[in-house]
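A.B. asks: Output the structure for:
(chains A, B, C and D)
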There are 4 protein chains.
Amino acid sequence: MTETFEFPPDDPRPSGWLDADAIARVRAAVPVLYVDAVPVRVDDSGDVVAVGLLLRVTPEGVMTRALVSGRVMYHERVRDALVRHIEKDLGPVALPIIPAAPQPFTVAEYFPTPGVTPYFDARQHAVSLAYVVPVTGDCSPQHDAIDLAWVTPEEAVSEAVQVEMHGGSGFLLRQAMAHVGRAV
Amino acid sequence: MTETFEFPPDDPRPSGWLDADAIARVRAAVPVLYVDAVPVRVDDSGDVVAVGLLLRVTPEGVMTRALVSGRVMYHERVRDALVRHIEKDLGPVALPIIPAAPQPFTVAEYFPTPGVTPYFDARQHAVSLAYVVPVTGDCSPQHDAIDLAWVTPEEAVSEAVQVEMHGGSGFLLRQAMAHVGRAV
Amino acid sequence: MTETFEFPPDDPRPSGWLDADAIARVRAAVPVLYVDAVPVRVDDSGDVVAVGLLLRVTPEGVMTRALVSGRVMYHERVRDALVRHIEKDLGPVALPIIPAAPQPFTVAEYFPTPGVTPYFDARQHAVSLAYVVPVTGDCSPQHDAIDLAWVTPEEAVSEAVQVEMHGGSGFLLRQAMAHVGRAV
Amino acid sequence: MTETFEFPPDDPRPSGWLDADAIARVRAAVPVLYVDAVPVRVDDSGDVVAVGLLLRVTPEGVMTRALVSGRVMYHERVRDALVRHIEKDLGPVALPIIPAAPQPFTVAEYFPTPGVTPYFDARQHAVSLAYVVPVTGDCSPQHDAIDLAWVTPEEAVSEAVQVEMHGGSGFLLRQAMAHVGRAV
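C.D. replies: Numbering: from 1, shown residues only, chains lettered A, B, ... in the order given. Now for the predicted structure:
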């Protein structure tokens, strides 16, 4: 689960944004609801031909790959949170096809304690509804991402890609590929 | 489950088509694999705003409403059968978004004996994988259909629409609307 | 979504319980994660033969029917929250079969504003992962419930039962019955 | 997909059984509907703790591991086919918990041509609805199986187990483990 730009300094904060203190209090009290989106390109038969992964460099200089991920805000629908985070990470013309049904392909439970589940987030207990989301427009990395790489499903589950994913997002990516029937 | 034009007289029959005798033998021996597609229009958040229903008139002059439905052929992938039947019923520029994952929202079991399940097909035992399929292009009724009507999810589950659906397709439509979280 | 006894006065409060002030702060800040369980009896083929509904009387003397529902606590897995709430509402020997997979059949988004979704909760924005859960043991109403009634799937979706359910839980129950293929 | 004992010589053949000629004709004409069951042991929270794999020795003396798998017969419900094949492979007191909902976790399309999908069956085009099925009773290998081995989810996806599975059943097993959130 990636750090998200929840407070862009040049934007007015819409209702639902929280200041750092409020987030800290919430994170200590309850699981925080997230969405994870696996952006994919599909062919005319719906078959996944490519998976989009965000490349970021950590303050320590380590390259990481990430899915689209972020918090669901107060009074925001899950489907609107998906739109918002995809636009935030892939740009305003990614043209995602948000799933018609709210049923996620899985629920990823990120615990602050390693080993409880395959997912880990040192900052918080986050519970994330995970969706595979086809994007049909132009995607470009935003904010802190230095690149958006499109890989095949087979590459997505390969060791080379998996070692660059953190906190269980590589596991979630493999679950997504298993769900679409392409690779495990 | 609607009668489908499996043998258009002016088309060459691709591999996988069966003659009437062969179909009769198969129908008496095993369950026949089908797909059902509920064509929908969605907004930018993926929310279903309209459902497409085919209108047909039976030989007895009764108006019926139907989903897109048809057989999966030998050596045909389920996702290719979805494309083929949507093109057959909604035209070549319907531009469907075929689901990336093969998991259907339900499996409809049409029995030749009424009452075993909510679905009924006098001709055969058909087992149908059911999907909600957003269409993004122009749709027009083909072949035997006299119209394609777009109704709201609320209208789709209304008594007025339900009484014009047969063989459990009205039940399946309501399951689809329940699955997308819009109406039951 | 029913009021839940989150603070039974005679129980030690395990880690994860919040005091009223903390809950109020959280509820004003973020969506709160819930689980909804539809307790069912199934036959040897897994077919749902009965649905368990809790009967409660509101302070105003109105009888209501409810599903098993409650909050997921900090550092609690979703599957453990399901076990806890089923034991809380149906007793310690209900012997639920918790789903092996975390994929819910739907996600119910309860908004404090009516009309945003089919679900409503005046107290909060709650997002609930909904599961159908077979129970194999003895169930008895606990705490504030005056009865646990087993109804058929057809009765569950009937007008008589639906009018006694509130906040969209009747809608969710019908979605559950549609999901198991029994009734809509 | 394993060869199944469809015609036990000492059993009366119920309606739905086909003779060898009829099966050959059907297999050349249409996709054949199957079910695949991944038998699992779960703990009180529904978490998968073990997976049951059938061990068989081929006529060539090669050891293979297999899931429970078999054809859906004419006029048989999918859930009844699941019960029948689990009893056939795991014995009469396996006490399976058949899923309440017909939605499979995936659909495995076995093609007679390698490479079309991850699944392969030289005999036929089979389309299989795949379910994870908890078993609560005593299981013992039947007929042609020489053993039933219980392995952990981690072992199930390991190379050592995967190389002994054939026709894509290892792939399906990994999809099942991904679906229950345990291993990929």
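A.B. asks: can you give me the helices for chain A?
C.D. replies: Per DSSP state H, chain A carries helices over the ranges A:20-29, A:78-90, A:153-156, A:159-162, A:169-179.
A.B. asks: The fourth one near chain D at all?
C.D. replies: Same thing as helix A:159-162. No - Helix A:159-162 does not reach chain D (CB under 8 Å from any CB of the partner chain); its nearest approach is 9.7 Å. (Glycine included, C-beta is placed from N, CA and C.)
A.B. asks: By mean pLDDT, show me the worst of the helices of chain A.
C.D. replies: Mean pLDDT is lowest for helix A:20-29 among the helices of chain A, at a mean of 88.
A.B. asks: which residues are in contact with it?
C.D. replies: Outside helix A:20-29, the residues within contact range by CB atoms under 8 Å, 6 or more residues apart in numbering or on different chains are A:6, A:18, A:32, A:123-125, C:18, C:22, C:25-26, C:29-30, C:74.
A.B. asks: which residues are there in chain A that come within reach of chain C?
C.D. replies: A:18, A:22, A:25-26, A:28-33, A:71-78, A:101-107, A:109, A:111-113, A:116-117, A:125, A:127, A:129.
A.B. asks: Just the buried ones from these?
C.D. replies: A:18, A:26, A:29-33, A:71-74, A:76-78, A:101-107, A:109, A:111-112, A:117, A:125, A:127, A:129 (16 or more other CB atoms under 10 Å in any protein chain shown).
A.B. asks: Student question: in chain A, what's the helix or strand with minimum average pLDDT?
C.D. replies: Lowest mean confidence among the helices and strands of chain A (mean pLDDT, DSSP states H and E): helix A:20-29, at a mean of 88.
A.B. asks: Need the CA coordinates for that helix. CSV is fine.
C.D. replies: Coordinates of each C-alpha in helix A:20-29 appear next as CSV, following Å, rounded to 0.1, in the frame of the first residue of the first chain:
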residue,chain,number,x,y,z
ALA,A,20,-2.6,14.9,10.3
ASP,A,21,-3.8,14.7,13.9
ALA,A,22,-7.3,13.5,13.0
ILE,A,23,-5.8,10.8,10.7
ALA,A,24,-3.4,9.7,13.5
ARG,A,25,-6.4,9.4,16.0
VAL,A,26,-8.4,7.4,13.5
ARG,A,27,-5.5,5.1,12.6
ALA,A,28,-5.1,4.2,16.2
ALA,A,29,-8.8,3.5,16.7
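A.B. asks: Could I get the contacting residues of A:Gln142?
C.D. replies: Taking CB under 8 Å, 6+ apart, one finds A:Lys88, A:Asp89, A:Leu90, A:Gly91 in contact with A:Gln142.
A.B. asks: could those residues be laid out in TSV, adding neighbour count and distance to A:Ile97?
C.D. replies: Below are the contacts of A:Gln142 laid out as TSV (neighbours: other CB atoms under 10 Å in any protein chain shown; distance: CB to CB, whole Å):
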residue	neighbour count	distance to A:Ile97
A:Lys88	17	17
A:Asp89	28	16
A:Leu90	26	13
A:Gly91	17	16
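A.B. asks: and which of those residues is nearest chain D?
C.D. replies: The shortest approach to chain D among the contacts of A:Gln142 belongs to A:Asp89, at 23.7 Å (CB to the nearest CB).
A.B. asks: which residues does the closest one contact?
C.D. replies: A:Asp89 neighbours (CB under 8 Å, 6+ apart): A:Leu54, A:Val68, A:Pro141, A:Gln142, A:His143, A:Ala145.
A.B. asks: Next one: the third one from chain C, what distance?
C.D. replies: Going back to what we said before, that points to A:Pro141. 27 Å (CB to the nearest CB, to the nearest Å).
A.B. asks: Just give me the neighbour total for that residue.
C.D. replies: Burial measure for A:Pro141: 17 neighbouring residues, criterion other CB atoms under 10 Å in any protein chain shown.
A.B. asks: ok so, going back, name the stretch among the helices of chain A that sits most buried.
C.D. replies: helix A:169-179 (a mean of 26; mean count of other CB atoms under 10 Å in any protein chain shown).
A.B. asks: residues making contact with that helix?
C.D. replies: A:1-2, A:36, A:38, A:48, A:51, A:53, A:65-67, A:69, A:105-106, A:108, A:118-119, A:130, A:132, A:153, A:156-157, A:161-163, A:165, A:183-184, B:101, B:103, D:106, D:174-175, D:178-179, D:181, D:184.
A.B. asks: hmm, 6 Å instead?
C.D. replies: A:38, A:67, A:105-106, A:108, A:118, A:130, A:132, A:153, A:156-157, A:162, A:183-184, B:101, D:175, D:178, D:184 (CB atoms under 6 Å, 6 or more residues apart in numbering or on different chains).
A.B. asks: got it, and stretch A:41-48?
C.D. replies: Outside stretch A:41-48, the residues touching it (CB under 6 Å, 6+ apart) are A:40, A:49-50, A:134, A:153, A:180, A:182, B:79-80, B:83, B:98-100.
A.B. asks: quick one: which of those residues is nearest to chain C?
C.D. replies: A:Val180 (14.1 Å).
A.B. asks: ok, now which ones touch the closest one?
C.D. replies: Per CB under 6 Å, 6+ apart, neighbours of A:Val180: A:Val48, A:Val132, B:Ala100, B:Ala101.
A.B. asks: Low-confidence regions, chain A specifically.
C.D. replies: Applying pLDDT under 70 to chain A flags the ranges A:1-16.
A.B. asks: same thing but at 50, please
C.D. replies: A:2-13 (pLDDT under 50).
A.B. asks: For it, which segments are assigned as strands?
C.D. replies: A:32-42, A:48-57, A:63-66, A:68-71, A:106-111, A:119-120, A:126-134, A:147-151 (DSSP state E).
A.B. asks: Tabulate the ones you listed in CSV, adding columns for distance to C:Asp44.
C.D. replies: As requested, the strands of chain A are exported to CSV (distance: least, CB to CB, whole Å):
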stretch, distance to C:Asp44
strand A:32-42, 38
strand A:48-57, 38
strand A:63-66, 46
strand A:68-71, 42
strand A:106-111, 29
strand A:119-120, 36
strand A:126-134, 33
strand A:147-151, 46
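A.B. asks: looking at those, which is closest to C:Thr58?
C.D. replies: With respect to C:Thr58, and counting by CB to CB, the nearest of the strands of chain A is strand A:32-42 at 28.5 Å.
A.B. asks: partners of the closest one, with directions?
C.D. replies: Strand A:32-42 has the following strand partners under DSSP bridges: strand A:48-57 (antiparallel), strand A:68-71 (antiparallel), strand A:126-134 (parallel).
A.B. asks: which stretch among these comes nearest B:Thr58?
C.D. replies: strand A:126-134 (37.7 Å).
A.B. asks: Run through who's touching that closest one.
C.D. replies: A:31-32, A:34-40, A:42, A:96-97, A:99, A:104-106, A:108-110, A:172, A:176, A:180, B:100, C:33.
A.B. asks: No further queries at this time; thank you.
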